[in-house]
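> I'd like to go over a predicted model; first the sequence, then the structure.
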Amino acid sequence: MTIAVCLKWINASGQTDIDDDRFMGFSYADQAALEYALRVAENTNDEVIVVTAGPVGAEAVLRDAIARGAQRAVRIDIDRSHDSAVIAQAIAQAVSHCSLIWCGDYSSDRGSGSVPAFIAAQLSFAQALGLVDIVLPTGAQSPITALRRLDGGRREQLEIRGQAVISVEGSTARLRRASLKGSMAANKQVIEIVTVNQVAVETPPTRAYRPRARAVAAPVGNSALDRVRQITDTSTAKGHGETVHLEPREAAELIVSKLREWGYQS
Amino acid sequence: MTDTDIIVVGAGPAGSCAAIAAAKAGKRVVLIERGPFPGSKNMYGGVIYPRILDELIPDWFEHAPIQRWIVRRSTMLLSDTGALNIDYRSNAWGQAPYNGATAYRPDFDNWLAQQAVAAGAELICSTTVTGLLRDAQGRINGITTDRPDGDLTASVVIACDGVNSFIAKEAGLYKAVDASNYTLGVKETLSLPKSVIDERFGVRDNQGVDIEILGGTSGVNGGGFIYTNLDTIAVGVVLKLPKLSAQKKRPEEIIAELKRHPAIAPLIEGAEVIEYSAHLIPEAGLDMMPKMVADGLLVAGDAAALCLAAGIWLEGVNFAMASGMYAGQSAAQAMTAGNTTAAGLQTYTKKLNETFVLKDHKKLRKIPHLVLSDRVQHKYPGFVTGIVERMFRVENPHPKPGVRRILREERKKAGISLMDLVRDALTGLKGFG
């Protein structure tokens, strides 16, 4: 079994005007992911493979991860300016043989957290994303239990079995320090380089979001003031305000049907 | 079998040059740096004189990350309101083979360390050396670090861990530490557009200015400095520790006072402070230097107090690079000869004694004390500026006073006895040779 950790090579300086290899690194979320992967591997004797997508400079984060205990490193030679779907497709190809794929929930360089979800979709793996608490099993057969952040301060408890993509928040674990001998060995580690064929991902043309146009009847009235009032008056209820008490399934169906009716969804 | 041949502690100018020299001699070298990258801990804002690099990196000036080449060298004496500036300009210093330069040390040190890596040294960052390892005979044979599994053995350790070297102290090479041997260097980096700096300092392109200041340190013994980078200016003071402590003044207040001086304020007007930093400087020269060799250990750079603070000459990086280079070469030679005891490593002290590294320090031994003495610090700037003030002030219908009269009166006003003046002049003459 192999456990993969996806690491993004980012500007770790916290300042946007610095573009300098000396300040590059990986975000706390990725560090936490690496730490969990190493802990799991300690229990199960699995191999840990670290993967990054980017230019030669990105190998620094892989060597760092090797120094801390990962066994293999793969760099996907791809232009980082590609969007998340393309990057995720390239990563998914490199980690398709792995049982668990650990990621940070999102990188600190304005990451959207979409890459882990895209990887899971590409590989048809289960996904447990945005975890805030993880309990690793002591036995290999037991599931990983975790808490996932939901809106409004709610939490969702998950049990993770089988092949899965897991993304964790940066505060969940502190990455171990590399041993001195580990750092020295990592300098000599061979990094596997994967060149990807330009993956074709269909992305619809993007435009600013706006609701669809809908026909509004012209106001009717004797005076201009009446007609203006009809359009601008907010003192009387109109439009879509409605409170209903339904089971979640019926509520969702109602929302979808209303959105269709109002023209927000086709 | 040791883990490596030579361990160099600290990837500053001394450490990187030691690593380059030893790696070029075919030895396995591990260069250990405390910061996340070489230079990341460095705040030095002064002038680097890299001529010594000709030996290690012949075309250094083509590649080194230099801000400006110094073409104007000024020494400024400040009284409360007056300023006497002795300024020398040579545009030839701004062309190959160059003389001094300003540089951002995180850039310069990183570049120099990469030269060591290119020469074959292995650079390990984010690692603090916590102590020395010794063999059964008590001979130093490695280091301990703060990393897990962090012991590393070697035939020779070269300590380039900077001022207040914990390694040299642990090895017992320093005498008791005396705070009066140290100064505190405090620096503000001020941001100004390049065109404004060029205009105010009368330079173009990558020409730069170095102004060393005597006086203007709010009564604390020390000195001030202004250095130009491309689009920043480094302004700061160097303050003698016991005096700073006794005066109970904050260093940033002293810099603020210096920046308000009528001779300084126009140079930095409108500039924004983008960085403030401070660091100790070993300023007492030969009198505070430790033994530089022990069994399996060499000490170089600031760790060996190889910093020249002799008034008109303020140099440290070149001494660090030279001593580092000689340490690297000597360590490699001693290893090849199979004798890394103190006796086997003595070629290092021999080399230091034969070259400018110790010759300059021996010649200028008394100068650091003279420069930081109370009379030079508190009386001479007022005395000298008073003389110049009266020489150039026209007070018609009174006729011009004679120079001897001015000298006598100003000396009395400044409270300097003739004996002291003669004594200091002799010390200066003897010291500067």
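Sure thing, it's come through.
> in the stretch 51-200 of chain B, what residue is nearest chain A?
Nearest residue of the stretch 51-200 of chain B to chain A: B:D149, at 3.8 Å (C-beta to the nearest C-beta). Where C-beta positions appear, they are placed from N, C-alpha and C, glycine not excepted.
> Quick one: neighbours of that residue, just the number.
12 (other C-beta atoms under 10 Å in any protein chain shown).
> what secondary structure does it sit in?
coil (DSSP: H, G, I helix; E, B strand; the rest coil).
> ok, it touching A:K181?
Yes: if you go by C-beta atoms under 8 Å, B:D149 and A:K181 touch, sitting 5.3 Å apart.
> buried set for stretch B:18-29?
Within stretch B:18-29, the residues scored as buried using 16 or more other C-beta atoms under 10 Å in any protein chain shown are B:A18, B:A19, B:I20, B:A21, B:A22, B:A23, B:K24, B:A25, B:K27, B:R28, B:V29.
> Show the backbone phi and psi for the closest residue to chain B within chain A.
In chain A, no residue comes nearer to chain B than A:S179, which is 3.8 Å away by C-beta to the nearest C-beta. Dihedral angles of A:S179 (phi, psi; degrees, to the nearest 10) stand at phi -80, psi 160.
> got the contact list for it?
Going by C-beta atoms under 8 Å, 6 or more residues apart in numbering or on different chains, A:S179 touches A:A67, B:R147, B:P148, B:D149, B:G150.
> what's the overlap in contacts for B:D149 and A:K181?
With C-beta under 8 Å, 6+ apart as the test, B:D149 and A:K181 reach no residue in common.
> Below-threshold pLDDT in chain B: ranges please.
B:433 (pLDDT under 70).
> domains for it, by residue range?
Following automatic domain parsing, one gets these domains for chain B: B:6-67+B:103-178+B:285-361, B:181-282, B:373-432.
> Checking my notes, B:L370 in a strand, right?
No: counting by three-state DSSP, B:L370 is not found in a strand; it is helix.
> okay, now it: neighbour count?
If we define neighbours as other C-beta under 10 Å, then B:L370 has 19 of them.
> Can you classify the nearest residue to it once chain neighbours are set aside by secondary structure?
Excluding the flanking residues, the one nearest B:L370 by C-beta to C-beta, 6 or more residues apart in numbering or on different chains is B:T427, at 5.3 Å. Assigned by three-state DSSP, the conformation of B:T427 is helix.
> cool, and B:I213?
Under three-state DSSP, B:I213 comes out as strand.
> Show me which residues of the stretch 101-250 of chain A are close to chain B?
Residues of the stretch 101-250 of chain A lying near chain B by C-beta under 8 Å from any C-beta of the partner chain: A:R176, A:R177, A:A178, A:S179, A:L180, A:K181, A:G182, A:S183, A:M184, A:N187.
> The residues you listed: which two are farthest apart?
Pairwise distances across these peak at 18.4 Å for A:R176 and A:N187 (criterion: C-beta to C-beta).
> circling back: between the domains of chain B, which gets nearest to A:V216?
Closest of the domains of chain B to A:V216 is domain B:181-282, at 54.2 Å (criterion: C-beta to C-beta).
> in the stretch 1-150 of chain B, which spans are strands?
Here the stretch 1-150 of chain B has its strands, by DSSP state E, counting those that start in this stretch, at B:6-9, B:29-32, B:47-48, B:68-78, B:83-89, B:101-102, B:122-124, B:129-134, B:140-145.
> Check those strands for me and report the most buried one.
Burial of these is given as mean neighbour count (mean count of other C-beta atoms under 10 Å in any protein chain shown); strand B:6-9 ranks first at a mean of 32.
> Count the residues that sit near A:G263.
12.
> In contact with the residue of the stretch 51-200 of chain B closest to chain A, which residues?
B:D149 touches A:S179, A:L180, A:K181, A:G182, counting by C-beta under 8 Å, 6+ apart.
> Give the closest residue to it in space, chain neighbours not counted.
In space, B:D149 is closest to A:S179, 3.8 Å off (C-beta to C-beta, 6+ apart).
> ditto for B:G162
B:D302 (4.7 Å).
> That neighbour: what secondary structure?
Using three-state DSSP, the secondary structure recorded for B:D302 is helix.
> who touches the one residue in the stretch 201-350 of chain B that gets nearest to chain A in this structure?
Closest approach between the stretch 201-350 of chain B and chain A, counting by C-beta to the nearest C-beta: B:I274, at 11.7 Å. With contact set as C-beta under 8 Å, 6+ apart, B:I274 has these partners: B:T189, B:L190, B:S191, B:T232.
> In contact with the last one, which residues?
Contact criterion C-beta under 8 Å, 6+ apart gives B:T189, B:L190, B:S191, B:L192, B:I274 as the residues in contact with B:T232.
> Out of the residues you listed, list just those in strands.
B:T189, B:L190, B:S191, B:I274 (DSSP state E).
> From those, list just the buried residues.
Buried among the ones in strands among the contacts of B:T232 by 16+ other C-beta under 10 Å: B:T189, B:L190.
> Nearest to B:E257 among the ones in strands among the contacts of B:T232?
Nearest to B:E257 among the ones in strands among the contacts of B:T232, counting by C-beta to C-beta, is B:L190 at 15.4 Å.
> Surely the closest one and B:V235 touch.
Yes: counting by C-beta under 8 Å, B:L190 touches B:V235, with 6.0 Å between them.
> shared neighbours of the two, which are they?
Taking C-beta under 8 Å, 6+ apart as the contact rule, B:L190 and B:V235 both touch B:I268.
> in what helix or strand does A:L38 lie?
Using DSSP states H and E, A:L38 falls within helix A:28-44.
> Next one: that helix, is it in contact with chain B?
No: judged by C-beta under 8 Å from any C-beta, helix A:28-44 makes no contact with chain B; its nearest approach is 13.0 Å.
> how about the nearest residue to B:K187, chain neighbours excluded?
Using C-beta to C-beta, 6+ apart, the closest residue to B:K187 is B:G236 (3.5 Å).
> For whatever helix or strand B:F225 lives in, which helices and strands make contact with it?
Here B:F225 sits within strand B:222-228, counting by DSSP H and E. Packed against strand B:222-228 by the contact rule (3 or more C-beta pairs under 8 Å, 6 or more residues apart in numbering or on different chains; DSSP states H and E) you find strand B:68-78, strand B:207-214, strand B:232-240.
> Please convert these to a markdown table, extending it with distance to A:Q71.
Putting these into a markdown table (distance: least, C-beta to C-beta, whole Å) gives the following:
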| stretch | distance to A:Q71 |
| --- | --- |
| strand B:68-78 | 48 |
| strand B:207-214 | 50 |
| strand B:232-240 | 45 |
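> right, so of the ones you listed, which gets closest to B:D178?
strand B:232-240 (11.7 Å).
> Tell me the first helix or strand C-terminal of the closest one.
Downstream of strand B:232-240, the next assigned helix or strand under DSSP H and E is helix B:241-247.
> Enumerate the residues of chain B near chain A.
Counting by C-beta under 8 Å from any C-beta, the residues of chain B that sit close to chain A are B:3, B:30, B:36-37, B:40, B:106, B:110, B:122, B:124, B:127, B:145, B:147-152.
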